[in-house]
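3D, please:
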Amino acid sequence: MAKWINTLDVSDVWDKADEGEITVAELARVVHDRLTAIPAYSNADVEYERQTLIEEFESLADDEDSDFDAFNYSWDRLYDWGDTSLDTVFNGRKVCWLKVFI
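Okay, here's the model as predicted:
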């Protein structure tokens, strides 16, 4: 199993967004805030992508008309970023686990 360097846990709000209890913008704000709280990475490419994703989720959070299509586009990019290998070992270190379920 991969060794995740960090975890981005949104399990406390994921179902709320799916059920319509919070807006897409509110979910994006949670993702933004928790992604921002992750320490900077020493790998410049990984850190650059993290900063780009932070900006994307901030834009979604600031737009009350954000929809799930826009959110899912950024979420897919976040998922790909999190799955980035940090070494060449099979099932070695990866950037970030995205926890959406309790």
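
packing partners for the helix or strand hosting residue 96?
Assigned by DSSP states H and E, residue 96 falls within strand 93-99. With contacts taken as 3 or more Cβ pairs under 8 Å, 6 or more residues apart in numbering; DSSP states H and E, strand 93-99 sits against strand 3-9, helix 68-82. For glycine as for every other residue, the C-beta is placed from the backbone atoms N, C-alpha and C.

Would you confirm that residue 6 contacts residue 38?
Yes - the pair residue 6 / residue 38 is scored as a contact, 5.0 Å apart, by Cβ atoms under 8 Å.

which residues do the two both contact?
residue 96 (Cβ atoms under 8 Å, 6 or more residues apart in numbering).

picking up where we left off before, between the helices and strands packed on strand 93-99, which one is closest to residue 29.
helix 68-82 (11.2 Å; Cβ to Cβ).

Give the other helices and strands that the closest one contacts.
Counting contacts by 3+ Cβ pairs under 8 Å, 6+ apart, helix 68-82 packs against strand 3-9, helix 24-37, helix 44-62, strand 93-99.
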